[in-house]
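Asker: Fold the following and give me the result.
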Amino acid sequence: MATLPPSAAGMVAGAGLVASYAEMEASKAAAINQQTSYMLQARDTLAVAEVRADMAEQYSTIQAGRTIRKAELEAQNYTIAGNTLLKNMRATNAAVRARAAASGVVLGEGSIQSVINQNIQGTMRDVGISDLNALTARVLGFEDATAMLQSTEYQNTLNLYSARSQAGQLTFAGEAGRRTSGLLAGAKLGKAGIDYLRLTASPAAPKTPTSTS
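Answerer: Predicted structure coming up:
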């Protein structure tokens, strides 16, 4: 294999050095571009997760409010039913007393009072049940709304944690890719520099023997 003259070897080595430098800069630019892409993906991942969490929280709050409102309406209906029972009881007892008085029956004793007492007992029992149902509706409505809000908060926490973890992985991948690319490009440039110095180094002049007189 023919050996290149020093001038040609220097040109080849110089061209290789320039090419390695250009490759290093191109590799750095590609690594920066990739890191930027990863950073944008990480930012978008977090932004989407936060928007979804806000929307889920708003929806859950609205649904919880509707649940409480529904329970309150149900409790009010039970309360109205209880008030209606009391109203009917008073009307019934008044009618019994009126008939008794018209018939000349003494009020406050005998079968008439027994009927009135039974009517009062039955009505108060039903009113108590209505009041209990009203209280139960309110309690259950509040519990359902609270459970709904807590479930949404828990799910949002998990989703945001997952999004932050994914964003962290993307950021790390971008940084690692840039560091790796820089190391590889630097190694190539260093090798090209060594080759350049090796090919362009002047050979040492041979020593001439000295004559002795």
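Asker: low-scoring pLDDT stretches of this protein, where are they?
Answerer: For the chain, residues meeting the criterion pLDDT under 70 lie at 1-29, 105-110, 178-179, 181-213.
Asker: what's the spacing between A91 and T157?
Answerer: 57 Å (CB to CB, to the nearest Å). Quick note: C-beta positions are derived from backbone N, CA and C, even for glycine.
Asker: show me where this structure has helices.
Answerer: Using DSSP state H, the helices found in the chain span residues 6-102, 110-200.
Asker: Need those in CSV (columns: mean neighbour count).
Answerer: Shown next, in CSV, are the helices of the chain (neighbours: other CB atoms under 10 Å):
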stretch, mean neighbour count
helix 6-102, 15
helix 110-200, 15
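Asker: Run through the residues that contact N117.
Answerer: For N117, the contact set (CB atoms under 8 Å, 6 or more residues apart in numbering) is empty.
Asker: Let me know the distance separating it from M124.
Answerer: Look at N117 and M124: by CB to CB, they are 11 Å apart.
Asker: Also Q76?
Answerer: With CB to CB as the criterion, Q76 and M124 are 20 Å apart.
Asker: Now G65: closest residue in space, sequence neighbours ignored.
Answerer: A145 (7.4 Å; CB to CB, 6 or more residues apart in numbering).
Asker: N133 contacts I80, correct?
Answerer: No: assessed by CB atoms under 8 Å, N133 is found out of contact with I80, at 11.6 Å.
Asker: Could you tell me which residues make contact with the residue lying closest to R164 once chain neighbours are set aside?
Answerer: Residue nearest to R164 in three dimensions, not counting chain neighbours: L46, with 6.6 Å by CB to CB, 6+ apart. Contacts for L46 (CB under 8 Å, 6+ apart) come out as A163, R164, A167.
Asker: I'd like the distance between L46 and I32.
Answerer: 21 Å.
Asker: now swap in A53 and tell me
Answerer: A53 is 32 Å from I32, by CB to CB.
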